[in-house]
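[1] After the sequence you'll find the predicted model.
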Amino acid sequence: MTEAEQLAILRDQIDQIDQQIQTLINQRAQCAQKVAEVKQASGGDVQFYRPEREAQVLRRVMERNQGPLSDEEMARLFREIMSACLALEEPVKVAFLGPEGTFTQEASLKHFGHSAVTTPMASIDDVFREVEAGAVAYGVVPVENSTEGVISHTLDSFIDSSLKISGEVVLRIHQYLLVGTNTRRDKISRIYSHSSSLAQCRKWLDQHYPTAERIAVSSNAEAARLVQSEWHSAAIAGDMAAQLYGLEKLAERIEDQPDNSTRFLIIGNQEVLASGDDKTSLMVATRNQPGALHDLLEPFHRLGIDLTRVETRPSKVGAWNYVFFIDFAGHAGDEKVQTALKEIGQRVSDMKILGSYPKGVL
Ligand SMILES: O=C(O)C(=O)C[C@]1(C(=O)O)C=C[C@@H](O)C=C1
């Protein structure tokens, strides 16, 4: 058989499979439309977006996957199918820490899929405000980076907010050295980026551009925008910003830590049901007295609850008062977690459950 004949046979098979997939996707979409009718019929504050159900669907896709496509690749495809199905019910509106092209936008699309309507905000405060005002249903903000540590502004924002955490998403952060089409590559004297990205690439910059001036700007995307027209400057930013501003990649994956990643939180007003593999975030205030933190954490240890993170921040009220942000495995509805929360509530001056939500799947 000639190459052309072999290809014709295989492409015929692909066409038939595509037709079946298309029919099935539309059948799935019709089911989602019916789900929306059922939700609407029960009245009240209708929640079309169901984070716990989405996490379960994606986990199941990964568990049953046989390849050759990887579990992550398969889950990404289903992520987009679900996103399109949800958009038929009601498009989900999301505010993210902008401008366009930031890692936070990438995280938003990774979490909600590309059928979500995403709007850039100028600051973390603005993301909180936009959700509180009800202009959007959800916000996406960065909370910690594996190299740089916690983003304290995000944690502090929860002190005065009544918003809840309804999800998390972890993004592998790859940084690129980007230049505009007119840039003189041998004459790069300035490198723009957000301060945390400059820090994530510190060793690489010391080695490759020891004399270039490092200029911290409000975001990586802003850095990318700036270098479009500057012939002696480069930006450090992600793939999305490179594409958005039509920049060329002079160097790829220049982050010092190969497993550099950032965790983002989804904030909203929703109480999320248990998905079977969840996390809870708690905020408690205590006085600065000896053993306070030990006292606070003791019930977790005794009840065998896995702590995933503890952060201390100074409280905004009174000197030497502290706020602890505690993340642990489990859902606030679990019996063991309820016991722990009751005990902790008796040991602190103030306690707020920021939310129980599915552990990041993708
Ligand atoms: O199961 C639901 O509640 C649906 O609305 C369906 C569906 C889906 O496409 O699978 C869509 C959106 C929700 O966020 C969760 C799942």
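    That came in fine, so what should we check first?
[2] Helices along the stretch 51-200 of the chain, start to end?
    Taking DSSP state H, counting those that start in this stretch to define them, one finds helices in the stretch 51-200 of the chain at 51-64, 71-89, 103-112, 124-132, 152-157, 195-200.
[3] List the buried residues of whichever helix or strand comes after the last one.
    Next helix or strand after helix 195-200 toward the C-terminus (DSSP states H and E): helix 202-208. Within helix 202-208, the residues that count as buried by 16 or more other CB atoms under 10 Å are Trp204, Leu205. In this view, the C-beta of every residue, glycine as well, is placed from N, C-alpha and C.
[4] Buried residues, stretch 315-329. List them.
    Across stretch 315-329, burial judged by 16+ other CB under 10 Å covers Ser315, Val323, Phe324, Phe325, Ile326, Asp327, Phe328, Ala329.
[5] how near is the first one to the ligand?
    In other words, Ser315. Distance from Ser315 to the ligand, counting by CB to the nearest ligand atom, to the nearest Å: 36 Å.
[6] list the contacts for that residue?
    Contact partners of Ser315, counting by CB atoms under 8 Å, 6 or more residues apart in numbering, are Ile159, Ala285, Asn321, Tyr322, Val323.
[7] if we go to 7 Å?
    Ser315 sits next to Ala285, Asn321, Tyr322, Val323 when contact means CB atoms under 7 Å, 6 or more residues apart in numbering.
[8] cool, and the last one?
    Contacts here follow CB under 7 Å, 6+ apart; on that basis Ala329 touches Lys279, Ile305, Asp306, Thr308.
[9] So which of those wins on neighbours?
    With neighbours taken as other CB atoms under 10 Å, the top of the contacts of Ala329 is Lys279, carrying 21 neighbours.
[10] And for the closest residue to Ile25 other than its chain neighbours, the neighbour number?
    Distance criterion CB to CB, 6 or more residues apart in numbering; nearest residue to Ile25, sequence neighbours excluded, is Ile81 at 6.0 Å. Ile81 has 19 neighbouring residues, counting by other CB under 10 Å.
[11] Help me see whether the longest helix along the chain makes contact with the ligand, please.
    Secondary structure assigned by DSSP state H gives helix 3-41 as the longest helix of the chain. Yes: for helix 3-41, a contact with the ligand is found by CB under 6 Å from any ligand atom, at Ala32, Val35.
[12] Show me which positions of that helix end up buried.
    Buried, per 16+ other CB under 10 Å, within helix 3-41: Ala32, Val35, Ala36, Lys39.
[13] and if you look at stretch 84-97?
    Using 16+ other CB under 10 Å as the test for burial, stretch 84-97 gives Ala84, Cys85, Leu86, Ala87, Glu89, Pro91, Val92, Lys93, Val94, Ala95, Phe96, Leu97.
[14] now swap in stretch 153-169 and tell me
    Quick answer for stretch 153-169 (16+ other CB under 10 Å): 154-159, 161, 163-169.
[15] repeat for stretch 274-294
    Judged by neighbour count (16+ other CB under 10 Å), stretch 274-294 contains these buried residues: Ala274, Ser275, Asp278, Lys279, Thr280, Ser281, Leu282, Met283, Val284, Ala285, Thr286, Ala292.
[16] Stretch 239-248 too?
    Judged by neighbour count using 16+ other CB under 10 Å, the buried positions of stretch 239-248 are Asp239, Met240, Ala241, Ala242, Leu244, Tyr245, Leu247.
[17] Any chance you could list what contacts it?
    Residues contacting stretch 239-248 (CB under 7 Å, 6+ apart): 100-101, 105-106, 174, 176, 178-181, 220-221, 224-225, 227-228, 249.
[18] Quick one: buried ones out of those residues?
    Members of the contacts of stretch 239-248 classed as buried by 16+ other CB under 10 Å are 100-101, 105-106, 176, 178-180, 220-221, 224-225, 227-228.
[19] would you list the residues you listed in a markdown table and tack on distance to the ligand and pLDDT?
    As requested, these are exported to a markdown table (distance: CB to the nearest ligand atom, whole Å; pLDDT from 0 to 100):
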| residue | distance to the ligand | pLDDT |
| --- | --- | --- |
| Glu100 | 25 | 92 |
| Gly101 | 26 | 91 |
| Gln105 | 20 | 96 |
| Glu106 | 20 | 95 |
| Tyr176 | 33 | 97 |
| Leu178 | 35 | 97 |
| Val179 | 41 | 96 |
| Gly180 | 40 | 93 |
| Asn220 | 30 | 92 |
| Ala221 | 28 | 92 |
| Ala224 | 32 | 95 |
| Arg225 | 34 | 94 |
| Val227 | 39 | 94 |
| Gln228 | 38 | 90 |
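[20] Out of the residues you listed, flag the one nearest to Val46.
    Gln105 (27.0 Å; CB to CB).
[21] For the closest one, give me its contacts.
    Going by CB under 7 Å, 6+ apart, the list of residues near Gln105 reads Phe96, Gly98, Thr118, Pro120, Met240.
[22] Please report how far it lies from Arg59.
    To Arg59, Gln105 is 25 Å away according to CB to CB, to the nearest Å.
[23] Spell out which residues of the stretch 51-200 of the chain are next to the ligand.
    So far as CB under 6 Å from any ligand atom goes, the stretch 51-200 of the chain lies against the ligand at Arg53, Glu54, Val57, Met82, Cys85, Leu86, Glu89.
[24] which two in these are spaced the farthest apart?
    Maximum pairwise distance among those (CB to CB): 14.5 Å, between Val57 and Glu89.
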